[in-house]
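Colleague: coordinates for the following, if possible.
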Amino acid sequence: MPPPAFTGIVTKVGCMNKTATVTVSRYVIHKITGKRIERSTKILTHDEQNKLRLNDRVIIRNCPPISARKRFKLEKIIHSPETERELAHASSVEGAVRGATA
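Modeller: Predicted coordinates:
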């Protein structure tokens, strides 16, 4: 059986080398009222290439301890809004340059 994996959002990056903080949220049902309550956990995650950005949606997987508090590794980046923004900006600048030279 593979180690457990979680989906979360990167909330802090760049403060520590090869480390990012990922917030994993889950819903629990209140025992008395029956309402859904969101609970979240902040997990330190190992990012070998330092490619995570703020607000990335990622999948992290449990692994043997890397340091005193890091016990998860980055498995996959699902969605990266900042990278998409940079690609869109680069394509618009490239289009403007082509339009100016034509």
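Colleague: show me the shaky parts of the protein.
Modeller: 96-102 (pLDDT under 70).
Colleague: so which residues of it form strands?
Modeller: 5-13, 19-29, 36-46, 57-62, 72-79 (DSSP state E).
Colleague: next, the buried residues of the third one.
Modeller: Residues of strand 36-46 classed as buried: 43, 44, 45, 46 (neighbour count, 16 or more other Cβ atoms under 10 Å). C-beta: built from backbone N, CA, C; applies to glycine.
Colleague: ditto for the first one
Modeller: Neighbour counts using 16+ other Cβ under 10 Å place 6, 8, 9, 10, 13 of strand 5-13 among the buried residues.
Colleague: for it, packing partners?
Modeller: Secondary-structure packing of strand 5-13 (3 or more Cβ pairs under 8 Å, 6 or more residues apart in numbering; DSSP states H and E): strand 19-29, strand 36-46, strand 57-62, strand 72-79.
Colleague: quick one: strands adjacent to the last one?
Modeller: Right, strand 72-79. Partners of strand 72-79 in the sheet, by DSSP bridges, are strand 36-46 (parallel), strand 57-62 (antiparallel).
Colleague: CA atoms only for it - export them in CSV, please.
Modeller: Extracted C-alpha coordinates of strand 72-79, given in CSV (Å, rounded to 0.1, in the frame of the first residue of the first chain):
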residue,chain,number,x,y,z
PHE,A,72,6.3,15.0,3.1
LYS,A,73,7.6,15.3,-0.4
LEU,A,74,6.2,17.1,-3.4
GLU,A,75,4.6,14.6,-5.8
LYS,A,76,2.9,16.8,-8.4
ILE,A,77,1.8,20.4,-9.1
ILE,A,78,-1.9,20.3,-10.1
HIS,A,79,-2.5,24.0,-10.8
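Colleague: so what touches it?
Modeller: 5-7, 20, 22, 43-48, 51-52, 56-63, 66 (Cβ atoms under 8 Å, 6 or more residues apart in numbering).
Colleague: ok, the third one next?
Modeller: Defining contact as Cβ under 8 Å, 6+ apart, one finds that strand 57-62 is touched by 2-10, 22, 24, 43, 45, 52, 71-80.
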